[in-house]
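In: dropping the sequence and predicted coords here.
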Amino acid sequence: MATDGIPDLKTLTTEQAQARLDDLFVRPNDAGPDVELHLIGVEKLPRDPRAKEQDGDRPFSLLFRGPHDPVLTQGMHDLENEALPLRGLFLVPVGREEDGYRYEAVFT
């Protein structure tokens, strides 16, 4: 954890993320309404057998569900959450579903 209360994404663990499952994260938007995302999944990913060293429980991904509109672009986003603010999170839109848009952030 960072000393200012904002976690360092380099040390974020699946345990910290799983504790926030179903939480609301807000992406502030100066050009319109804020975008609300719900953390809907924390998934362990297979380790690369060629990697010499891997940190902790990485790799893993966070899956979010957001509204159909507006759609966030792929790139860096700051997500506000009282218990786990995520600053500089690289989000990728992964698909439109009936109940909203899905986004993924991968931690290696």
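Out: On my side now, so go ahead. Numbering: from 1, shown residues only.

In: pull out the buried residues from the host helix or strand of R87.
Out: Secondary structure assignment for R87, by DSSP states H and E: strand 86-97. Neighbour-count burial for strand 86-97, counted by 16 or more other CB atoms under 10 Å, picks out 86, 89, 91. To be clear about C-beta, it is placed using only N, CA and C from the backbone, and glycine gets the same treatment.

In: of those, closest to P67?
Out: Using CB to CB, L91 comes nearest to P67 of those, at 14.0 Å.

In: which residues does the closest one bridge with?
Out: When bridges are called by DSSP bridges, L91 pairs up with G75.

In: mind listing what it touches?
Out: By CB atoms under 8 Å, 6 or more residues apart in numbering, L91 lies in contact with 64, 72, 74-77, 103-105.

In: then P70?
Out: By CB under 8 Å, 6+ apart, the residues touching P70 are 29, 32-33, 35.

In: who wins on neighbours among those?
Out: Top of the contacts of P70 by neighbour number is V35, holding 20 neighbours under the definition other CB atoms under 10 Å.
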